[in-house]
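J.: Below: sequence and its predicted model.
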Amino acid sequence: MTDATPLIHATDLTVRPSGAEVPVLAHVDFAIRPAEIVTVVGPNGSGKSTLVRALLGHVPLAAGRVERKPGLRIGYVPQRVHIEQALPMTVRRFLSLPVRVSDERAAAELARTGVPGLESRQISALSGGQFQRVLLARALLNDPQLLVLDEPTQGLDQPGMVGFYKLIEEVRSQTGAAVLMVSHDLLVVMRASDRVICLNGHICCEGTPQAVSAAPAYRAMFGADSQGMLALYEHHHDHDHDHVGTGAGHDHHHHHHH
Ligand SMILES: Nc1ncnc2c1ncn2[C@@H]1O[C@H](COP(=O)(O)OP(=O)(O)OP(=O)(O)O)[C@@H](O)[C@H]1O
Ligand SMILES: [Mg+2]
């Protein structure tokens, strides 16, 4: 799988918004390949959303380059989706904005994302979890080869989060789409990701979830506590520990000025 041509490949990505004195993202190398689930974690303001938007070509680069596979179909759920609460809008109509889709297709994606039959509901009347699933359904409407989800589980409780990540894995196996996610939900995300990137203006560490959770840079950022919680989490969930250690301390070829 790692031999496949990347869907998106970025090298030396540097972003400095016009209002910012220093780059908010510097010297980031990134690639995502078909059917991979990659999660970006990092504290508030560490540049996660900026990275995603740069990869999508939504923000200008100060340096570096981003190559997207020609014709790449992307389903994007931004961190903040503004919907005018005053305007009545049904789920069905929302799914046909900006591109009209058939009733059959709308119904199929709502069913796939676990919210079948919500078509006639008002968007404003949905629960947080239902709304996130409707956003995912909409992102799936153009058969994306890459799903980009910026904090898709905001506002969900713990079971809601676990359910949502399960759904992401199902979508990946059903559609073969790669998934790039931003998350704060470290423990839950660990299990659903093939690869985790720990960001803080630059890539601090990356690798398998197990390797990253053991990496000093990760522990420095999220505290030793997170390690204890991870151990607890793994204890409760019986899964494979054979890969622990691979890629730990993964070496980067750029310099960190801190
Ligand atoms: N247009 C802009 N002008 C100036 N600074 C900006 C601009 N856009 C982003 N920034 C700064 O860049 C940094 C990274 O922002 P970004 O939204 O990428 O962080 P994030 O990791 O997604 O944070 P969060 O977890 O809160 O969503 C922040 O300090 C932010 O204030
Ligand atoms: Mg963000």
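T.: That came through fine. Worth saying up front: this structure is predicted, and the values here are computed from it rather than measured. Ligands and ions are numbered 1, 2, ... in the order given.
J.: switch to C-alpha atoms for all contacts and neighbour counts from now on
T.: Will do.
J.: Where does the prediction get shaky in this structure?
T.: Applying pLDDT under 70 to the chain flags residues 1-3, 185, 223-258.
J.: Enumerate every residue touching the residue nearest in space to the middle of it.
T.: The central residue of the chain, meaning the one whose C-alpha is nearest the mean C-alpha position (Cα atoms, centre = their mean), is Met181 at 0.6 Å. Under the criterion of Cα atoms under 8 Å, 6 or more residues apart in numbering, the contact list for Met181 reads 37-40, 148-152.
J.: Let me see the ranges of the strands in the stretch 151-258 of the chain.
T.: For the stretch 151-258 of the chain, the strands defined by DSSP state E, counting those that start in this stretch cover 178-182, 195-199, 203-207.
J.: quick one on the thing from earlier: what subset of the contacts of Met181 is buried?
T.: By neighbour count, with 16 or more other Cα atoms under 10 Å, these hold 37-40, 148-152 as buried.
J.: Just give me the neighbour total for Pro70.
T.: Neighbour count of Pro70, defined by other Cα atoms under 10 Å: 8.
J.: Let me know the distance separating it from Ser96.
T.: When Cα to Cα, to the nearest Å is the yardstick, Pro70 and Ser96 sit 25 Å from each other.
J.: Around ligand 1, pick out the residues from the stretch 1-150 of the chain.
T.: The interface of the stretch 1-150 of the chain toward ligand 1, taken as Cα under 6 Å from any ligand atom, is made up of 17-20, 24, 43-50.
J.: Compare those residues and tell me which has the most neighbours.
T.: Compared across those, Lys48 has the highest neighbour count, 28 neighbours, by other Cα under 10 Å.
J.: Fine, thanks again, bye for now.
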